[in-house]
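**Q** Have a look; sequence and predicted model below, questions after that.
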Amino acid sequence: MPLKLAVLGSGKGSNFVAIQKAILSGILAGKAQVVLVASDHADAGILDRAREFGLPWEALPQSAFKTKLEPEIEAGLASSIRRAGADLVVLAGYMRVLKAPLLEAFPERIVNIHPSLLPAFKGLEAWKQALAAGVPETGCTVHWVNVDLDGGDVLGRERVPILPGDTPETLHARIHEAEHRLYPAVIARLAVELGKV
């Protein structure tokens, strides 16, 4: 049985697309299956991509908060993920801080990708933080999600050098390319480690 994934995203969904392409014809073929794509924004591009792939999708009710969901909305999302039969929850540009309903429903079964070499540059716009700090390199990190923001155990990293003349946009674009390689690779490894392939 493939590793069943529920993917949560708030934006365009480029990491989701990279994962789904890896399922269709790459390193995740036969190892994983997306059983649900959900977004906290009804007009998010990730839902358009899910529909294009013919995958189950869900738009969450509108929240009064910007950085989290009301407990009842998050509990409803947890129920949807359970009904879909997901083994792993994959955050792909999901811009809400997870709280008890999801963290307690899926302990050590939620992964995220962050655009820095954690533990450096936690939080928003990490590539801008790296540029401002003047470090020679940054990158991306896949990690388990827990109560500490960007603080869960690291599952994989890919380094990205900061080049002379880099802008936030050029650096972010190269980090995205690294994310699209790293995330499917880590999920492929988890499919083996979790006993699904």
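**A** Sure thing, it's come through. Note that this is a predicted model, so its numbers are computed, not measured.
**Q** Stretch 49-69: which residues count as buried?
**A** 49-50, 53, 55, 57-58, 60, 69 (16 or more other CB atoms under 10 Å). Backbone N, C-alpha and C define where each C-beta goes, glycine included.
**Q** Kindly reformat these as a markdown table containing distance to residue 148.
**A** Below are those laid out as a markdown table (distance: CB to CB, whole Å):
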| residue | distance to residue 148 |
| --- | --- |
| 49 | 30 |
| 50 | 29 |
| 53 | 33 |
| 55 | 31 |
| 57 | 29 |
| 58 | 27 |
| 60 | 24 |
| 69 | 18 |
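**Q** What about residue 146, how many residues nearby?
**A** 15 (other CB atoms under 10 Å).
**Q** Please list all residues in contact with it.
**A** 103, 152 (CB atoms under 8 Å, 6 or more residues apart in numbering).
**Q** repeat that for 6 Å
**A** Contacts for residue 146 (CB atoms under 6 Å, 6 or more residues apart in numbering) come out as residue 152.
**Q** Same check on residue 159?
**A** Residue 159 makes contact with 137, 139, according to CB under 6 Å, 6+ apart.
**Q** And it, which helix or strand is it part of?
**A** Using DSSP states H and E, residue 159 maps to strand 154-161.
**Q** Could you list every helix and strand in contact with the longest helix along the chain?
**A** Using DSSP state H, we find that the single longest helix of the chain is helix 168-193. Other elements packing on helix 168-193 under the criterion 3 or more CB pairs under 6 Å, 6 or more residues apart in numbering; DSSP states H and E are helix 14-25, helix 126-133, strand 137-144, strand 154-161.
**Q** and which of the buried residues of stretch 49-69 is nearest residue 192?
**A** Nearest to residue 192, judged by CB to CB, of those is residue 55 at 23.2 Å.
**Q** helix, strand or coil for that closest one?
**A** For residue 55, the assignment made with DSSP: H, G, I helix; E, B strand; the rest coil gives coil.
**Q** Pretty sure it sits against residue 34.
**A** Yes. Residue 55 is within contact range of residue 34, at 5.3 Å (criterion: CB atoms under 6 Å).
**Q** so which two of the buried residues of stretch 49-69 are the farthest from each other?
**A** Largest separation among these by CB to CB: 53 and 69, giving 24.8 Å.
**Q** for the protein, what are the low-confidence residue spans?
**A** 197 (pLDDT under 70).
**Q** how distant is the longest helix of the chain from the center of its chain?
**A** 10 Å (CA atoms, centre = their mean, to the nearest Å).
**Q** what angle do it and helix 14-25 make?
**A** Going by axes from the mean of the first three to the mean of the last three CA atoms, to 10 degrees, helix 168-193 is angled at 40 degrees with respect to helix 14-25.
**Q** For helix 168-193, list every residue counted as buried.
**A** By 16+ other CB under 10 Å, the buried positions in helix 168-193 come out as 171-172, 174-176, 178-180, 182-188, 190-191.
**Q** cool, and stretch 106-116?
**A** Applying 16+ other CB under 10 Å to stretch 106-116 flags 106, 109-116 as buried.
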